[in-house]
Each structure stands twice: as structure tokens, then as C-alpha cells.
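Undergrad: A structural model of the following input is requested.
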Amino acid sequence: MSASLLRRGLELLEPPGRAKAPPGLQRGRAGPRAAGAARRRKRAPEPGRNKATVKGRVVKSAIEEYHKKKPVDHLRENLKYMLKGRLVADKAVTEQVLAQNRGRKSKDQPPEKTEKKKPEGTVFTEEDFRKFEREYFGVP
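TA: Here you go, the predicted model:
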């Protein structure tokens, strides 16, 4: 038997002349659980208008409700706003913002650009080689 059923039974057996205790002391509960128990208890239905009936209800137009909830297209306003300011950000600033938004994983990083090696040319000319040949080998 639950405690609430026991309490209700005791209230029924209460003598009719005895007055009820004040609300704070009525059930003998105190502490943090008392508020939760009071919240869980359902209220008795109040006498008044029955919500399940149709009497007195204003009929809403389905078309009006549709137009109220219809999505609004803001494309033109947004385009005007975006095209109004033609301030172009600095290249360094845009690179910094993109770097901050990129993930830290290697798959999120862009491939590093490798510098192409230029074919190394010689410092000496053909005339220098002929001069060296003449001096070293003694060819006139």
C-alpha cells in the first residue's frame, strides 16, 4: 500500500468535528522532498469552461495560417547588403582567417607548395673554357 493511499484513508476516518492542520504541517512532511511531492500531485479539475468543447472557439482560416507561416525570401535584401560594401580584405588577413578555420588534422591542411628548382647554369662562359684549355694543356 502506498503512502498516499494510506493518508487518504486516514483523512476519511478523521472525525468530522476536528479541524484540518495548517498546510505546512498537514502531512507532517518537511525538507527538500516536500516541494517535489507537492509538484507531482495533480490538481483537481477546476469548475469552468470545458476545453474539449467547440463552443465559443474562433475558427481560424487555414489560408491565413499558411500565409503567416510561409517562409520569406530575403535574397534581394541580402544581395543589396553584400554588394553595398566593396571593401576587399588584405590577402594576409584572409590567409590568417582561413588558417584559423582549418582543422588541425593533416587531411585538413592544404598541400604544401614546393618551389621548382631552376636548372643551375654554369658561371663560366665558352671563352673562359678555351682560355683555361690554352693555359692548362698548352694548346695555342
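Undergrad: how about the helices of the chain, start to end?
TA: Using DSSP state H, the helices of the chain run over 3-13, 32-40, 62-69, 75-84, 91-101, 126-137.
Undergrad: Those helices: which one's closest to P119?
TA: Nearest of the helices of the chain to P119, taken as CB to CB: helix 126-137 at 17.7 Å. Yep, even glycine has a C-beta here, placed from its N, CA and C like the rest.
Undergrad: Name the spans of this protein whose pLDDT lies under the cut-off.
TA: 1, 15-54, 139-140 (pLDDT under 70).
Undergrad: ok, back up a step: including mean neighbour count, could the helices of the chain go into a markdown table?
TA: Listed next are these as a markdown table, based on neighbours: other CB atoms under 10 Å:
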| stretch | mean neighbour count |
| --- | --- |
| helix 3-13 | 10 |
| helix 32-40 | 10 |
| helix 62-69 | 8 |
| helix 75-84 | 9 |
| helix 91-101 | 10 |
| helix 126-137 | 10 |
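Undergrad: In JSON lines, list those along with distance to K118.
TA: As requested, those are exported to JSON lines (distance: least, CB to CB, whole Å):
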{"stretch": "helix 3-13", "distance to K118": "91"}
{"stretch": "helix 32-40", "distance to K118": "80"}
{"stretch": "helix 62-69", "distance to K118": "66"}
{"stretch": "helix 75-84", "distance to K118": "43"}
{"stretch": "helix 91-101", "distance to K118": "25"}
{"stretch": "helix 126-137", "distance to K118": "21"}
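Undergrad: closest one to K107 among these?
TA: helix 91-101 (14.9 Å).
Undergrad: So which other helices or strands are in contact with that closest one?
TA: Judged by 3 or more CB pairs under 8 Å, 6 or more residues apart in numbering; DSSP states H and E, helix 91-101 has no packing partners among the helices and strands.
Undergrad: start the count at 43, not 1, going forward
TA: Taking 43 as the first residue, the last one we looked at is helix 133-143.
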